[in-house]
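1. Sequence and predicted model, in that order:
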Number of protein chains: 2
Amino acid sequence: MKKIGKTFKIGGDVVIRDVYTIAGPKEAEGPLKDKFDMVIDDDLWGEDSWEKCELKLQKTAAENLKNRNNLLNSNIDLLISGDLLNQITSSTYAARDLELPYIGVYGACSTMTLTMGLGAMIIDGGFAENVICVTSSHFCSAERQFRLPLEMGGQRHASAQWTVTGSAAVWLSNSGQGPKIKHVTFGKIVDLGVKDANNMGAAMAPAAYSSLNQHLKDTAIDYDLIVTGDLGTVGKAIVNKMFNEDNNSIESKYDDCGTIIYDIEKQDVHAGGSGCGCSATVFGSFLYKKLLNNEIKNLLFTATGALHSTTASLQGESIPGIAHCLGIEM
Amino acid sequence: MKKIGKTFKIGGDVVIRDVYTIAGPKEAEGPLKDKFDMVIDDDLWGEDSWEKCELKLQKTAAENLKNRNNLLNSNIDLLISGDLLNQITSSTYAARDLELPYIGVYGACSTMTLTMGLGAMIIDGGFAENVICVTSSHFCSAERQFRLPLEMGGQRHASAQWTVTGSAAVWLSNSGQGPKIKHVTFGKIVDLGVKDANNMGAAMAPAAYSSLNQHLKDTAIDYDLIVTGDLGTVGKAIVNKMFNEDNNSIESKYDDCGTIIYDIEKQDVHAGGSGCGCSATVFGSFLYKKLLNNEIKNLLFTATGALHSTTASLQGESIPGIAHCLGIEM
């Protein structure tokens, strides 16, 4: 069994060969502005709805990834993708145009590591040579689905996060050079009763803590960098507090994608970034390059998701959190 | 590479050890009435919403499967599940209570074979000994999410299908006796432009034809029985027509879960059954037992999904179809 504790062990080569990132206008004003492969100028990008813009983000990220690497559909075994929208329509309609065998997943903002973890296991299991993993989010489509009409101009909560407009497409392969996925830990649901959809960081932090703890206990690897996505300032502080209370501080080497993508003071994003596109674009534009450039030799990348729905919230349910970890080594 | 054409080959043992099924009151009046493991008396089952009833279906199916087989959480490596509701909340809230590492997928009514195909590859890849795959649907929660308020009492279209209230939990294992998953074909999206959410059979049939064709071409296996789920009478007729036009009729050994689960004439279900719970409960209560009892030696089981959303439909999009095939042998 390729497993230690609850963590799956990738014995062979699963190389992250390339990542293509596209970011929205607000993201392009943040600290990572020069690092994205492509930036769009407005929230519609020539489409007539935010949802159609979002599926175009996914489709373009995947197509540009293929083109940059001379990948043909005949070389690609599977497309694994997901997003925040009901029935993951950004992923599905992008998959329609990409014409690849398609696995759709739902993990809310944990989708990037969920798709990459699955892809790594399918490649290491001997089933595939090349897998494309894609995810996206869009501030406007997410706000109108999960919260309130943007046209209303409601005041945002201090603990609210700003859904990233962006997408990343990842090429996983059983050959070639680049950072390798070595360990995968799929999380359990953790739900400590937070019901406030404007405080996702607090809802997801205990799940992040649980999966990180499990992964670190199972692998006993001393990671150069541990990054969650997307807890924001509120959730990041809770994770630090939980580890500190264990006398097992990770603070000196821990960061969160939701706090990396924006200049939190200047960009008026309150607690930071969120959405599937947050950890996806931060990984592709920033963390992946740190590995490639040997600035770090290994990375524990843990995307986090809040798996509620508006219906469940209206029926009084709390917000279930989840976090999936990837141990990546250069 | 464990792959022939586009079909993944499961070389080792992936045994379908047991399936636990729960059906709703209408399903319990149909032809399979004596075959379900459990039947619920009304659409709420003691809960205060249909959505909470649906998650209880999933949770109970999984727990009863575990209890019947003396399975403990410590023996189970993964839970893979999905459903029709926004953000797959039935699956997520059931997973919260089941306390297992959780992979959520979205494949609409194709979910049963999507989860089982992934589970089979993860086991055959050497990562897991035991995986639980679960899906569900509920007539009332699906109608209010995708179509119209039930309280309105709108007239149903002749081509409309009736969403099955029910759930099935499947135990996949790398050891033991029972039917084995030998081949997995994940489908591509096929969308010929159908926009009528009251004619899902027509929207999904071309995807079913595409995946079936791919699987039969790749494996060249002469299956005793080929079953799609859930095309209903309209979609089933289209699939037969498409194969007949190829001079490659499958009619004599082909059936559809949507036409098996109800007495279509007497139960006023128009074109037949649909929903993730349709193929799931028909597989568990009927097809699986045919394999176990050696009535058939192999089965091509192909769940089909219509991957639209209400938002995409309102924005003028057509309905993308998908179908995932499992080749199962006794």
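-> Cool, the structure landed. Residues are numbered from 1 along each chain as shown, chains lettered A, B, ... in the order given.
2. near chain B, which residues of the stretch 151-300 of chain A?
-> A:185-189, A:191 (Cβ under 8 Å from any Cβ of the partner chain). The way it works is simple: take the backbone N, C-alpha and C, and place the C-beta from them, glycine included.
3. In strands, which of those residues fall?
-> Secondary structure of these is defined by DSSP state E; positions in strands are A:T185.
4. tell me which of the residues of the stretch 151-300 of chain A next to chain B is nearest to B:S90?
-> The shortest distance between B:S90 and any of these, using Cβ to Cβ, involves A:I189 and amounts to 12.9 Å.
5. Make TSV out of the residues of the stretch 151-300 of chain A next to chain B and add neighbour count.
-> Listed next are these as TSV, based on neighbours: other Cβ atoms under 10 Å in any protein chain shown:
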residue	neighbour count
A:T185	29
A:F186	28
A:G187	29
A:K188	22
A:I189	25
A:D191	21
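6. Tell me which two of the residues of the stretch 151-300 of chain A next to chain B sit farthest apart.
-> With Cβ to Cβ as the measure, no two of these lie farther apart than A:T185 and A:D191, at 18.4 Å.
7. Let me see the contact set for the closest residue to chain B within chain A.
-> Among all residues of chain A, A:G125 sits closest to chain B, at 2.3 Å; criterion: Cβ to the nearest Cβ. If a contact means Cβ atoms under 8 Å, 6 or more residues apart in numbering or on different chains, then A:G125 has B:2, B:121-122, B:124-127 as its contacts.
8. how far away is it from A:P179?
-> A:G125 sits 20 Å away from A:P179, taking Cβ to Cβ, to the nearest Å as the criterion.
9. Same check on A:F301?
-> Between A:F301 and A:P179 the distance, using Cβ to Cβ, works out to 10 Å.
10. and if you look at A:T135?
-> A:T135 sits 18 Å away from A:P179, going by Cβ to Cβ.
11. and if you look at A:A94?
-> Distance from A:A94 to A:P179, counting by Cβ to Cβ: 25 Å.
12. Name the residue in these two with the higher neighbour count.
-> A:A94 (29 against 24; other Cβ atoms under 10 Å in any protein chain shown).
13. what pLDDT does the more buried one get?
-> For A:A94, the model assigns a pLDDT of 98.
14. what about it, helix or strand, and which?
-> For A:A94, the enclosing helix or strand under DSSP states H and E is helix A:89-98.
15. list the buried ones in that helix?
-> When neighbours are counted by 16 or more other Cβ atoms under 10 Å in any protein chain shown, the buried residues of helix A:89-98 are found to be A:89-96, A:98.
16. So it, near chain B or not?
-> Yes - counting by Cβ under 8 Å from any Cβ, chain B is contacted by helix A:89-98 at A:89, A:92-93, A:95-96.
17. Would you tell me what the next helix or strand after that helix is?
-> Per DSSP H and E, the helix or strand that comes after helix A:89-98 is strand A:102-104.
18. wait, does that following strand contact chain B?
-> Yes - judged by Cβ under 8 Å from any Cβ, strand A:102-104 comes into contact with chain B at A:102-104.
19. Show me which of the residues of helix A:89-98 next to chain B is closest to B:V239.
-> The shortest separation between B:V239 and any of the residues of helix A:89-98 next to chain B is 19.9 Å, and it belongs to A:R96 (by Cβ to Cβ).
20. what's the closest residue to the closest one other than its chain neighbours in contact with, if anything?
-> In space, not counting the residues next to it along the chain, A:R96 is nearest to B:I189; the distance is 4.1 Å by Cβ to Cβ, 6 or more residues apart in numbering or on different chains. Counting by Cβ under 8 Å, 6+ apart, B:I189 touches A:92, A:95-96, A:99, A:102, B:207, B:307, B:320-322.
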